[in-house]
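1. Predicted coordinates and the sequence they were generated for:
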Amino acid sequence: MYALLQLVLAMLPCALLMHLILYMDRNEREPLGLVVKILVMGAISVIPAVSIEQAVEGLPFMKAAGLKHAFFESFLSAAPTEELCKLMPVMLFAWNRPEFNEENDGIVYTGASALGFALHENICFVLSKGLGVGLIRAVSSIPLHCFTGVVMGYYVGKAKFAKGKKLPLLLTGFVWVYLVHGLYDTLCLSGSSLAMLVLPMMVAVTWIGMAVLKKGRQLSLNRAMPGSAAKGAISNVQGTLPERPRNIVFPKQVSSHIWKAVMGRLLLSASFLFMVMAYLGAKVQNNNENILQVLVGGIIIVCIPATVGSLLEISYRRSKRALTTGSQR
């Protein structure tokens, strides 16, 4: 039963983020079979990634200590290898497919490959190290893999339909996610207080990823019906643009505020998990005075992210309520 709970926890964040990517692609959905194929190939790409990383880490210049070792392992081994392995399934199995017919498809396929990679990796970590690790990864490494995949996918989609050279766009996307991934791993492996910077970094990565998802959706809508052409066609038929029905809440209006809910809940979840892990760590030492000090220190640390998360959640709910109320007038 415990193993089943671990498996569910390992799979749930990846499933939710995959649903988010597919939801933002609802204008022209990709074949589910192809998306699943890319996701599976992304999961399989963990195998060559581990082999390459082990080979690189065995090189003489990788024998360092402290922050230097964290930097070398992150920027010379983990980040370039993993990002390249996540990109390969898209280039090999989706790039030349007729279904890849708009820029936003690059986001869908690369995001699926990244989440497949994250899913395989997460199952291994959670089953071997327990639920605590799964909870932490659910708000850190899983969103990192997802949203760096989304950003790289945006450049893959732009490169696919670029009239000029495609390689510069592909390299731009790869270098961006390589630097972000390398910095994240360096902070996590630093073994110092620098690891606390992961939290604000994940907020920034999530914000950028949500912005890119919205940009990709807009590109899809523009390709399906250019705004000026659509406006002209309606004007020619009716003379003026039709009024928006007042009893409908348009999904696009609501989705424009989803980033607040995602970021707010990510911050609140991360703050809660940090407090739980801090309490459990102090509890192991069986020192009530130390527990109190840890809790007070933890509250000080999470005060700002928890406050920002609460304000974003309140703003999202107010925006959604305002849209609903306005549509019913």
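-> Structure received.
2. in the strand or helix carrying Ser113, what's buried?
-> In this assignment (DSSP states H and E), Ser113 forms part of helix 103-129. Neighbour counts over helix 103-129 (16 or more other Cβ atoms under 10 Å) mark 103-123, 125-126 as buried. Using the backbone N, CA and C atoms, a C-beta is placed for each residue, glycine as well.
3. Who are the packing partners of it?
-> Here helix 103-129 touches helix 2-24, helix 32-44, helix 46-57, helix 79-93, helix 131-138, helix 141-160, helix 198-224, going by 3 or more Cβ pairs under 8 Å, 6 or more residues apart in numbering; DSSP states H and E.
4. Quick check: buried residues in the first one?
-> It stands for helix 2-24. For helix 2-24, the neighbour count (16+ other Cβ under 10 Å) marks Gln6, Leu9, Ala10, Pro13, Cys14, Leu17, Met18, Leu20, Ile21, Leu22, Met24 as buried.
5. low-scoring stretches of this protein, by residue?
-> Within the chain, the stretches with pLDDT under 70 are 1-2, 226-259, 263, 266-267, 270-271, 273-298, 300-302, 304-305, 323-329.
6. Would you mind giving the domain segments of it?
-> For the chain, automatic domain parsing gives the domain ranges 1-222, 247-329.
7. Count residues in the vicinity of Val133, would you?
-> For Val133, the count of nearby residues is 19 (other Cβ atoms under 10 Å).
8. when you give positions from now on, start the count at 174
-> Okay, using 174 as the starting number, the last item reads as Val306.
9. Which residues are in contact with the closest residue to it other than its chain neighbours?
-> Residue nearest to Val306 in three dimensions, not counting chain neighbours: Phe298, with 5.5 Å by Cβ to Cβ, 6 or more residues apart in numbering. Taking Cβ atoms under 8 Å, 6 or more residues apart in numbering, we find Phe298 in contact with Ala183, Val306, Gly307, Arg310.
10. and with 10 Å instead?
-> Taking Cβ atoms under 10 Å, 6 or more residues apart in numbering as the criterion, Phe298 is in contact with Gln179, Ala183, Val306, Gly307, Ile309, Arg310, Ser314.
11. what's the answer for Glu272, then?
-> When contacts are taken as Cβ under 10 Å, 6+ apart, Glu272 is in contact with Glu201, Glu203, Pro204, Gly206, Leu207, Val208, Asp278, Val281, Tyr282.
12. can you list these in JSON lines and add distance to Lys336?
-> Compiled in JSON lines, those are given as follows (distance: Cβ to Cβ, whole Å):
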{"residue": "Glu201", "distance to Lys336": "22"}
{"residue": "Glu203", "distance to Lys336": "23"}
{"residue": "Pro204", "distance to Lys336": "26"}
{"residue": "Gly206", "distance to Lys336": "30"}
{"residue": "Leu207", "distance to Lys336": "25"}
{"residue": "Val208", "distance to Lys336": "27"}
{"residue": "Asp278", "distance to Lys336": "18"}
{"residue": "Val281", "distance to Lys336": "22"}
{"residue": "Tyr282", "distance to Lys336": "21"}
